[in-house]
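Would you be able to build a 3D model of this:
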Amino acid sequence: MKKSIVAVFGLLLVLSLSLGALAQERVVTMMGVWGGQELEAFQEVMAAFTEKTGIKVQFEGTRDLPTLLQTRIAAGNPPDVAAIPGPGAMKEYVEQGALVDLNKVIDPQVLAEDYNNAWIELGTYKGGFYALTFAADIKSLVWYRPDVFAAKGYAIPTTWEELEALMDQMVANGDTPWAIGLESGAASGWPATDWIEDIMLRTAGPEVYDQWVNHEIPWTDPRVKEAFEIFGKIARSSDYVYGGPTTVLATNFGDSVSELFTDPPRAMMHRQASFITSFITDANPDVVLGRDVAFFGFPMIKPEHGNPMLGAGDMIAQFNDTPEAREFMNFLASPEAQEIWVNRLGKLGTNNKIDPAAYPDDLTREMAELLNTADVFRFDGSDSMPAAVGSGAFWEGMLMYVGGEDLDTVLEYIESVAQESY
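Numbering: from 1, shown residues only. Now for the predicted structure:
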């Protein structure tokens with residue numbers, strides 16, 4: 001009898017340990033940079049996934065994700081899933097053989113039905129689909145006050161010719177067209193790089209834009225110079241920008257939009273990404289988004305290139321091909337997961353089946369529609385370049401140029417750094 005009892009307990013112990021091991025296997029590991037409100041929102045996404053599947057998500061946060069992730073890849077111990085910096089990083093990981101082709105994970109028919117082709121293109125490299133853009137910020141936006149435009153008879157421009165005519169109309173009327181601020185501490189200059197990128201997409205086109213980002217054409221190329229000159233006509237002119245170059249260089253990017261809300265307004269327009277809404281409402285609590293301030297898309301310059309959208313996004317890639325990681329990637333691709341994220345943060349989802357009611361306000365819904373109807377989307381160029389160029393010489397070069405430095409000298413300087421960095 002004692003032997004039988006011992007045997008039964010032994011079997012129960014083995015069974016318990018086996019079940020425990022199986023339970024432990026139902027885990028997916030993820031690495032990301034999110035903190036604060038973003039992490040809180042993503043924790044809700046992870047909790048919804050666990051409730052739906054029983055699979056737990058172990059999230060590892062780090063501010064130095066590229067370094068830590070590369071170390072883990074080299075050691076043969078990457079996380080199952082990671083939020084990656086952008087398309088440039090995705091391509092590097094593909095070249096290392098580190099990523100799972102998501103065409104084998106997410107049903108391609110579902111992707112085709114749920115996602116605009118621009119998002120598929122963004123995550124595609126060498127015939128495989130390697131990164132899911134989970135959410136995005138759109139940068140190709142011009143902010144203005146509808147009441148002021150209406151009172152002064154200003155019409156929304158849809159082409160660059162119309163925008164130039166509007167700027168001249170404003171100047172003739174005693175108004176200043178633009179408010180621009182390039183100060184951002186150690187990151188000063190970055191807002192101007194967004195201008196160049198938006199202009200490049202519309203003057204040279206997406207293919208040349210990609211060549212520029214990958215340094216397949218030099219910074220001294222006439223097409224790059226053309227984009228700088230178009231921006232310089234605005235940013236280096238005391239007629240077209242409030243305060244002239246001196247104020248542009250000294251004003252913080254988040255403060256510059258406030259010039260639209262003085263009485264009377266010091267400027268009529270401000271070009272900035274979707275996230276500027278938080279700066280507007282923090283500084284002007286009485287402003288109602290969509291009523292007191294609205295946006296229009298950055299105008300088309302050359303018709304053959306249409307109206308591509310510039311932005312940044314939360315790209316997620318799979319590094320280990322496990323059943324748990326597969327389920328997690330499919331969940332992240334779903335409208336269910338993205339609705340949580342966009343509702344909590346005001347981000348823009350990429351799945352076109354997201355319920356519009358998930359967005360916190362009408363203005364964000366409008367931005368999401370603009371983003372997901374774009375024929376072409378391109379990731380922020382400076383964020384896709386080597387750091388010495390994108391967040392180094394490019395930022396610095398913009399300050400030099402707005403400050404009055406000769407354009408050829410600026411472009412030759414950035415090119416010299418690029419030659420050493422690619």
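
low pLDDT regions in this structure?
1-25 (pLDDT under 70).

how does it look with 50?
Where the chain drops to pLDDT under 50, the residues are 6-8, 14-15, 18-19, 21-23.

who's in contact with the residue positioned nearest the centre of it?
Centroid-nearest residue in the chain: residue 312, 1.2 Å away (criterion: Cα atoms, centre = their mean). Contacts for residue 312 (Cβ atoms under 8 Å, 6 or more residues apart in numbering) come out as 86, 136-137, 139, 273, 379-380, 383. In short, each C-beta sits where N, CA and C put it, glycine included.

Mind picking the two most distant members of those?
Pairwise distances across these (Cβ to Cβ) peak at 15.0 Å, for the pair 86 and 273.

where does residue 135 land in three-state SS?
Under DSSP: H, G, I helix; E, B strand; the rest coil, the three-state class of residue 135 is strand.

residues in contact with it?
313-314, 338, 341-342, 345, 347-350.

Just the residues you listed: which are in helices?
Of these, the ones assigned to helices by DSSP state H are 338, 341-342, 345.

Residue 120 reaches residue 111, doesn't it?
Yes - assessed by Cβ atoms under 8 Å, residue 120 is found in contact with residue 111 at 6.2 Å.

For the two, work out which one has more neighbours and name it.
residue 111 (19 against 16; other Cβ atoms under 10 Å).

name the element that one belongs to?
helix 108-114 (DSSP states H and E).

can you check residue 238 too?
Here residue 238 is assigned to no helix or strand, by DSSP H and E.

roughly how far apart are residue 92 and residue 130?
11 Å (Cβ to Cβ, to the nearest Å).

Where do the helices of the stretch 151-300 of the chain begin and end?
160-172, 190-203, 206-213, 222-235, 244-250, 253-256, 276-283 (DSSP state H, counting those that start in this stretch).

Identify the residues contacting the last one?
Outside helix 276-283, the residues within contact range by Cβ under 8 Å, 6+ apart are 141, 143, 254-255, 257-258, 261, 270, 287, 289, 293, 346, 363-364.

pretty sure residue 350 is in contact with residue 337, am I right?
No - using Cβ under 8 Å, residue 350 makes no contact with residue 337, being 11.1 Å away.

For those two, list the residues in contact with both.
Going by Cβ under 8 Å, 6+ apart, residues that sit against residue 350 and also against residue 337 are residue 134.

got the buried residues for stretch 414-422?
414-415, 417-418 (16 or more other Cβ atoms under 10 Å).

Just flag the most distant two among those.
Once Cβ to Cβ is applied, the buried residues of stretch 414-422 give 415 and 417 as the farthest pair, at 7.4 Å.

intersection of neighbour lists for these two?
Joint contacts of residue 415 and residue 417 (Cβ under 8 Å, 6+ apart) do not exist.

before we move on, back to that, with secondary structure and distance to residue 106 added, can I get the buried residues of stretch 414-422 in TSV?
Listed next are those as TSV, based on DSSP: H, G, I helix; E, B strand; the rest coil; distance: Cβ to Cβ, whole Å:
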residue	secondary structure	distance to residue 106
414	helix	39
415	helix	40
417	helix	39
418	helix	36
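
Kindly reformat these as CSV containing distance to residue 167.
As requested, the buried residues of stretch 414-422 are exported to CSV (distance: Cβ to Cβ, whole Å):
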residue, distance to residue 167
414, 27
415, 31
417, 33
418, 32
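
nearest to residue 177, of those?
residue 414 (27.3 Å).

Might one say that that closest one is in contact with residue 390?
No - assessed by Cβ under 8 Å, residue 414 is found out of contact with residue 390, at 10.1 Å.

one step back: quick one: which of the helices of the stretch 151-300 of the chain is nearest residue 124?
helix 206-213 (12.5 Å).

Could I get the buried residue list for the closest one?
206, 208-210, 212-213.

Closest one of those residues to residue 172?
residue 209 (34.1 Å).

Residue 420 - nearest residue in space that isn't next to it in sequence?
residue 388 (7.4 Å; Cβ to Cβ, 6 or more residues apart in numbering).
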